[in-house]
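> everything below, folded, please.
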Amino acid sequence: MMQEASSPHVIRLLEIFKGRPPNSGWTTQLGVVMELMERGSLASLQKALDGPPPWPLVFRLAHQVALGINFLHSLPRPVLHQDLKPQNVLLDDALNAKLTDFGLSRISYSVAQVSKKEDGWGTVGYMPPEAFVSSYKPKRASDIYRYKRPEPALG
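Numbering: from 1, shown residues only. Predicted coordinates:
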């Protein structure tokens, strides 16, 4: 699906391969090749700065992340990211943001229903409060909560 649809705000999938990684013995694994994001993640940028980032950069990155979420939610078979956080926003050499890490992503069949997989809903500090109820079903609003969520306190 990610090879067919593309957005300047979602990491590009270049190739899927099947092979044996070094030191894996005879185990064959699937792998992906994605575009190189030279500047690391939004989290690494936050750590590298001595103070707050310039407001124009903050607004541009926030806008690009929102465009990435909107792209995923607007696909013919909408995708819920389910693990949106600074570590999953990569930066290219011009500091443009692209969403990555779709390991927990699910197809949304409607605003209220997603494909079934109960083994994880994302990173705890970024999960919406309703995610801690046993009857929780992710929806598009869950990604929007993660987008608006401030950096959780450390320690």
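
> buried residues of the lengthiest helix in the chain, list them for me.
Ranked by residue count under DSSP state H, the longest helix found in the chain is helix 55-74. Residues of helix 55-74 classed as buried by neighbour count (16 or more other CB atoms under 10 Å): Leu61, Gln64, Val65, Leu67, Gly68, Ile69, Phe71, Leu72, His73. Glycine gets a C-beta too; all of them are placed from N, C-alpha and C.

> just checking, next helix/strand downstream of it?
strand 79-80 (DSSP states H and E).

> neighbouring strands for that following strand, and are they parallel or not?
Here strand 79-80 is paired, per DSSP bridges, with strand 106-107 (antiparallel).

> could you pull out the helices for the chain?
42-48, 55-74, 140-148.

> can you dump the C-alpha coordinates of the longest one into CSV?
Going back to what we said before, that points to helix 55-74. Listed in CSV are the C-alpha atoms of helix 55-74, where the atom choice follows Å, rounded to 0.1, in the frame of the first residue of the first chain:
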residue,chain,number,x,y,z
TRP,A,55,8.9,29.5,16.0
PRO,A,56,8.9,29.4,12.1
LEU,A,57,10.5,26.0,12.3
VAL,A,58,8.0,24.8,14.9
PHE,A,59,5.0,25.9,12.9
ARG,A,60,6.4,24.4,9.7
LEU,A,61,7.1,21.0,11.3
ALA,A,62,3.7,21.0,13.0
HIS,A,63,2.1,21.7,9.7
GLN,A,64,4.0,19.0,7.9
VAL,A,65,3.1,16.4,10.6
ALA,A,66,-0.5,17.4,10.3
LEU,A,67,-0.4,17.0,6.5
GLY,A,68,1.2,13.6,7.0
ILE,A,69,-1.6,12.5,9.3
ASN,A,70,-4.2,13.9,7.0
PHE,A,71,-2.7,12.0,4.1
LEU,A,72,-2.9,8.7,6.0
HIS,A,73,-6.4,9.3,7.1
SER,A,74,-7.5,10.4,3.6
